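J.: Mind folding the following:
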Amino acid sequence: MLKVISHKTAAMIAAVAVLSVAHAATVRADDTTGNSMQAQIDHGRSTYASKCSHCHGPNLMNSGTVTPDLRAIPDDKTRFVTTVKNGKNNKMPPWADILSDDEIGNLWAFVSSRRKP
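T.: Okay, here's the model as predicted:
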């Protein structure tokens with residue numbers, strides 16, 4: 001009887017260990033540069049506050065202006081990156097010479113984390 005309990009206990013410990021390793025690998029896989037997704041979101045929040053919020057508003061929307069509600073943008077990272085880099089309709093300036101690719105990626109992580117479904 002003691003051996004059966006020991007085997008069950010060992011199996012449970014092994015299962016927990018495997019799940020822990022799998023979870024850690026998933027978190028690390030969020031970003032190929034080694035940043036976790038939460039770190040990207042945090043960096044994006046900071047960049048947004050300093051570079052974007054004065055036009056787009058502190059909560060991703062700025063009523064009374066021509067800027068879109070960023071909580072409702074399409075789930076399209078390529079479109080987002082292109083718009084940030086190149087600007088849009090002579091109303092949004094291009095940011096390619098100001099923001100790095102990593103900063104733009106972090107902005108996407110932040111904005112997409114706040115999107116309304």
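
J.: doesn't Ala109 make contact with Tyr48?
T.: No - if you go by CB atoms under 8 Å, Tyr48 and Ala109 don't touch, sitting 10.3 Å apart. Every C-beta, even on glycine, is put in place using the N, C-alpha and C of the backbone.

J.: residues near Ile104, how many?
T.: Counted by other CB atoms under 10 Å, the residues lying close to Ile104 total 22.

J.: before we move on, what about Gly87?
T.: Neighbour count of Gly87, defined by other CB under 10 Å: 14.

J.: Now the nearest residue to it once chain neighbours are set aside, what are its backbone angles?
T.: Nearest residue to Gly87, sequence neighbours excluded (CB to CB, 6 or more residues apart in numbering): Pro94, at 3.9 Å. Main-chain dihedrals, Pro94, degrees, to the nearest 10: phi -70, psi 140.

J.: now this protein, which segments are flagged as low pLDDT?
T.: Residues of the chain that meet the criterion pLDDT under 70 lie in 1-35.

J.: ok, 90 please
T.: For the chain, the stretches with pLDDT under 90 are 1-35, 62-68, 91, 115-117.

J.: all strands of the protein, in order?
T.: In the chain, no strands are defined using DSSP state E.

J.: domain assignment for it?
T.: For the chain, the structural domains run 1-30, 35-113, going by automatic domain parsing.

J.: which of those domains sits most buried?
T.: domain 35-113 (a mean of 15; mean count of other CB atoms under 10 Å).

J.: and His43, what does it touch?
T.: Listed by CB atoms under 8 Å, 6 or more residues apart in numbering, the contact set of His43 reads Asn35, Glu103, Asn106, Ala109, Phe110.

J.: got the contact list for the third one?
T.: With contacts taken as CB under 8 Å, 6+ apart, Asn106 has the following neighbours: Gln40, Ile41, His43, Gly44, Thr47.

J.: Quick check: the second one vs Phe110, distance?
T.: Meaning Ile41. 5 Å (CB to CB, to the nearest Å).

J.: same question, Val81
T.: Counting by CB to CB, the gap from Val81 to Phe110 is 13 Å.
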